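>>> Model the structure of this input:
(chains A and B)
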Amino acid sequence: MAENLTEAYSNLSTSTSSEVASGVSANVSSSISSDIPSLGIDSSTVMNALLVLALAYVATRIVVFLLTWLSEKVYEHRITVKMAIPLAKFAIYGFAMYHILGSILQLSTAQLVAFSGLAGAAIGFGLKDLVAEVVGGFVIVLDKPYQVGDKVRIDDHYGEVRDIGLRATRLVSPDDSLISVSNQKVLSQTLANANAGSQEMMVVIDLFINSSSDAARAMQILREAAVSSRYVYISEKRQVTTLLKDYPFYRRVRAKAYVYDLRREFEFESDVTKRSWDAFREEGIEPPKAGVVEMGEGPGQSRS
Amino acid sequence: MTPRFEEEIGPIKKAIVDFGEGHRSNLAVISDPFYGESELMDRVESMTGEEGIRIDARSLIRDVEAFEDASGRIVIVEEVHRLYRRKIGGFEMMNHFLKVLACSDRLFITTWNTYSWKYLDEVLGLGRHFPQQIRLSKMGAGQIREMLLSGYEEGELTFVEEEPADAEELKILNRSSYKKTLMGHSLEIPYPVVKMRSIRSRLTKSEKKSPEDIFFDRLARISDGNPGVAEYLWNEVLDYPEVRNALKDPPSIDLDRDESFALDIVLSMGSIEMGELSQVLEPLDLSAGRIAGLLEEMGLVFLEGDVIAIRSEALKSVVEHLRRLRLVW
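Just a heads-up that it's a prediction; the model follows:
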């Protein structure tokens, strides 16, 4: 092929401008027609390869659908079942690539080396980001810093992992936005996983009360609100804790409790907050005076 | 008739003897609804004699101090789980009871609903107050058979196997479909569903078991080893001198979280007054009447006057449903 291209180049340099177009096209077409049959690439091969890729795509869609459906059926093992989704996708696409290279193209060792060289050049020039993303996807699937169904914070993005794709991880934010984060970027960013593969997740609920209010009673009410919530999950290792912190002009009552399903994080928080405040009002426990909270430390700044 | 609870009565007897010798160890008997633990308490009461006093926790709701003034060094308190409500302020009575129990020098023998016990054990640490816990275990098919046939002579009853109504009953696969609306079009994707009942039925047939064995295996599975439920189902199918294997599988349940929570409250109590259910559901902006009606329509509970109670035949599927939703542990 190199010789043909050199020949084409020398023809190009000695030809007149009117001969250039016809000379180049003749040489290139003759090079292609002479080289492609030797690689075994004809239109039917290309069609077969495309068909395999299309089948792989359809297969992944079906597998993802079935596993997602199954995960909701076996509710208590939802996250475990969902863990299989990215593995299945990588396996299907890996098998498809293996089939295309091995059975359809039937590359010999020399051709494989040549292909690798070409692939290397392509990666070096234009596809390196894409390859880095795919490799990142592999690392995520194997290393499992998070799984499908987990609640994570990647960089400034927080949400539930819906999909670990070949190229990117997709999160659904609390306001239902679909966020795509490149797999390569995930590996280089700080990552916080709120549940690490568990179905339940800790939720921190802060309520701010007036310094003169009965803090002990407020803590008791908040604890009872948390343990009696329909969203709570309690076990020996998943206990409800209440904490009190004193600030100059107000007090913060904090509950740390586990929601039974991380997708109910905000319903749980809202349920506990509403019922606690209803009880606070009945017991004469008051919120801080207007503007006082902003003067001190705001919610979420301290996680003690 | 063979007396029940032979296995459980031993540790209780020992606790009473130890108490007489100056070593106090409060005791909790934990069981599913309908298990029939009151029969066990009848025996315990007769063992305690004049030293014992028996109280239903429902009477303590009206007067939680009642047992403090009562005579008797051994206090049997039944259905102690009725002393709490799953709401803010709903644990006061239970906390008071535990405080009295901790400060008392009397021996407490108590009975609890399994699901309330597990919940309260995590929330209030009940286990620390009751060093001895007796869990009434599930019965196997053999034990259920022994219990139910103890009043009959051998061969007195005839077990009749119900034939499937038609060939449909013998099918292993059923057709179901997944429906979804996509871009305004309704899509229906059919998929097969395996009928476990048919498979089980075929398997048991292939083992050539007697109709009696098949009946009691099925009864043990549907009742989940609960003698109270088994006895109820037995009375349903007994048409003396025939026993028809007409036992139905428990109903499947499709409820949302709020409705399931209400069902959890009923299960945790076994039965509850509508007013008490309202106290729990009203702060959540849920209507107890509406949900109770829905649960009754689904055959999961029954309403008797002002009381709503779990249907014994639905107990197994209710527990499985709530466990799947992690509402009971």
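>>> Going by C-alpha atoms from here, please, whenever you check contacts or count neighbours.
Fine.
>>> any idea how far chain B is from residue A:168?
Per CA to the nearest CA, to the nearest Å, residue A:168 is found 25 Å from chain B.
>>> Report the beta-bridge partner residues of that residue.
Note on residue A:168: beta-bridge partners by DSSP bridges are residue A:182.
>>> Quick check, it in contact with residue A:135.
No - using CA atoms under 8 Å as the test, residue A:168 is too far from residue A:135 to be in contact (10.7 Å).
>>> Now list whatever residues contact both of those two.
Common neighbours of residue A:168 and residue A:135, using CA atoms under 8 Å, 6 or more residues apart in numbering or on different chains, are residue A:184.
>>> Give me the more crowded residue out of those two.
In this view residue A:168 and residue A:135 are compared by other CA atoms under 10 Å in any protein chain shown, and residue A:168 has more residues nearby, 21 against 16.
>>> pLDDT wise, what is the more buried one at?
On pLDDT, residue A:168 comes in at 87.
>>> who's in contact with it?
If you count contacts by CA under 8 Å, 6+ apart, residue A:168 has them with A:133, A:137, A:180, A:181, A:182, A:183, A:184.
>>> Now the phi/psi pair for residue A:247, please.
Reported as degrees, to the nearest 10, the phi and psi values for residue A:247 are phi -120, psi 170.
>>> I'd like to know how far it sits from residue B:245.
Relative to residue B:245, residue A:247 is positioned 70 Å away (CA to CA, to the nearest Å).
>>> the more surrounded of the two?
Shown here are residue A:247 and residue B:245; by other CA under 10 Å, residue B:245 has more neighbours (21 against 14).
>>> Strands of chain B, residue ranges please.
Under the criterion DSSP state E, chain B contains strands at B:27-31, B:52-56, B:74-78, B:107-113, B:132-135, B:158-160, B:173-182, B:185-194, B:238-239, B:242-244, B:271-273, B:301-304, B:307-310.
>>> what's the fifth one in contact with?
Where contact means CA under 8 Å, 6+ apart, the residues beyond strand B:132-135 that reach it are B:8, B:25, B:26, B:27, B:28, B:29, B:30, B:31, B:127.
>>> again, 7 Å this time
Outside of strand B:132-135, the residues within contact range by CA atoms under 7 Å, 6 or more residues apart in numbering or on different chains are B:25, B:26, B:27, B:28, B:29, B:30, B:31.
>>> Could you do stretch B:303-315 as well?
Residues outside stretch B:303-315 that contact it (CA under 7 Å, 6+ apart): B:229, B:250-251, B:266-267, B:270-274, B:300-302.
>>> Report the separation between the two terminal residues of that stretch.
Counting by CA to CA, you get 15 Å between the two ends of stretch B:303-315.
>>> Distance check, residue A:68 against chain B.
13 Å.
>>> and that residue, how many neighbours does it have?
A count of nearby residues for residue A:68, using other CA under 10 Å, gives 17.
>>> Now do the contacts for it.
Taking CA under 7 Å, 6+ apart as the test, what residue A:68 contacts is residue A:82.
>>> Shouldn't it be within a helix?
Yes - secondary structure of residue A:68 (DSSP: H, G, I helix; E, B strand; the rest coil): part of a helix.
>>> Quick check: residue A:196 vs chain B, distance?
Counting by CA to the nearest CA - residue A:196 and chain B are separated by 18 Å.
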